[in-house]
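>>> Could you work out the structure for the sequence below:
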Amino acid sequence: MIAAENTAWLAKLRYRLEDFRATAVFGKGQPCSLKIRPQTGWFSRANTPHTQAGIDAGSRGLLSSTVWLGDHDTGPEILCCLDDGPDQCTLRTQVMTLLLLIFDAARTGRSQGDPLDARLDLLLRGFDTHGNYFEQTVLTAEAGAPAIDPDRLLTAFAALGIGLKQPGRATALHG
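Numbers count the residues shown, from 1 in each chain. So this is what the prediction gives:
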């Protein structure tokens, strides 16, 4: 089912993003969802215990009032703000670190027997300033491919016009 046609699901996503906006008082920019979703199957706590343990152990210091991590049967979801600067949009370094952690945990979980699908898609989702839903695939990670490294993740976001915001400055990226 196409998300844009599923009004109940869109209403739930809109509610999560509005709840995040209201709670993330220090967050600046447009709330967005970064979803890591398997091509098929489930990415739930019950089905991927090793992966979830790795995510839980590594994410504690990365979460805050401006970066949320949701646990869904269809995969983890990060809620954060996409800062809209004068030259480009940016994401905070802790969001990038959290994404790398999740991909690494999935890789490790697979090697420990988690039946996680071979393909994981990273999606950028949200609503634009006019309230229209958008969804873009940032990158796809195949199980047999090399691990997702910072350069690959940064390049994938740069292709969408999104850079990395380091404390005190934004780093321009060109893909």
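
>>> ok, which stretches of this structure are strands?
30-38, 68-70, 77-84, 89-92, 119-127, 133-142, 162-166, 169-171 (DSSP state E).

>>> okay, residue 27: pLDDT?
We have a pLDDT of 65 for residue 27.

>>> what about stretch 135-147, average pLDDT?
So the average pLDDT for stretch 135-147 ends up being 89.

>>> What of stretch 112-130?
89.

>>> Using neighbour counts, pick out the buried residues of that stretch.
Within stretch 112-130, the residues that qualify as buried are 114, 116-117, 120-127, counting by 16 or more other Cβ atoms under 10 Å. Glycine gets a C-beta too; all of them are placed from N, C-alpha and C.

>>> and that stretch, how far out from the chain's middle?
Distance of stretch 112-130 from its chain centroid, counting by Cα atoms, centre = their mean, to the nearest Å, is 7 Å.

>>> and residue 70, what does it touch?
16, 76-79 (Cβ atoms under 8 Å, 6 or more residues apart in numbering).

>>> TSV for those, including neighbour count?
As requested, the contacts of residue 70 are exported to TSV (neighbours: other Cβ atoms under 10 Å):
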residue	neighbour count
16	16
76	24
77	19
78	23
79	25
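
>>> What is the nearest of these to residue 90?
Proximity of those to residue 90 (Cβ to Cβ) peaks at residue 78, which lies at 14.9 Å.

>>> Touching, the closest one and residue 69? I think so.
Yes: at 5.7 Å, residue 78 counts as touching residue 69 under the criterion of Cβ atoms under 8 Å.

>>> who touches both of these two?
residue 98.

>>> re earlier: check the contacts of residue 70 and tell me the two furthest apart.
16 and 76 (13.4 Å).

>>> quick one: contacts for the residue nearest to the spatial centre of the chain?
Centroid-nearest residue in the chain, with Cα atoms, centre = their mean: residue 34, separated by 2.6 Å. Residue 34 sits next to 77-80, 95, 99, 122-125, 138 when contact means Cβ under 8 Å, 6+ apart.

>>> swap in residue 138?
Contacts of residue 138 (Cβ under 8 Å, 6+ apart): 34, 122-124, 156-157, 160.

>>> Could you find the closest non-adjacent residue to it?
residue 122 (4.3 Å; Cβ to Cβ, 6 or more residues apart in numbering).

>>> try residue 74
residue 37 (5.5 Å).

>>> burial of the one you found, as a residue count?
18 (other Cβ atoms under 10 Å).

>>> Who is it paired with across the strands?
residue 121 (DSSP bridges).
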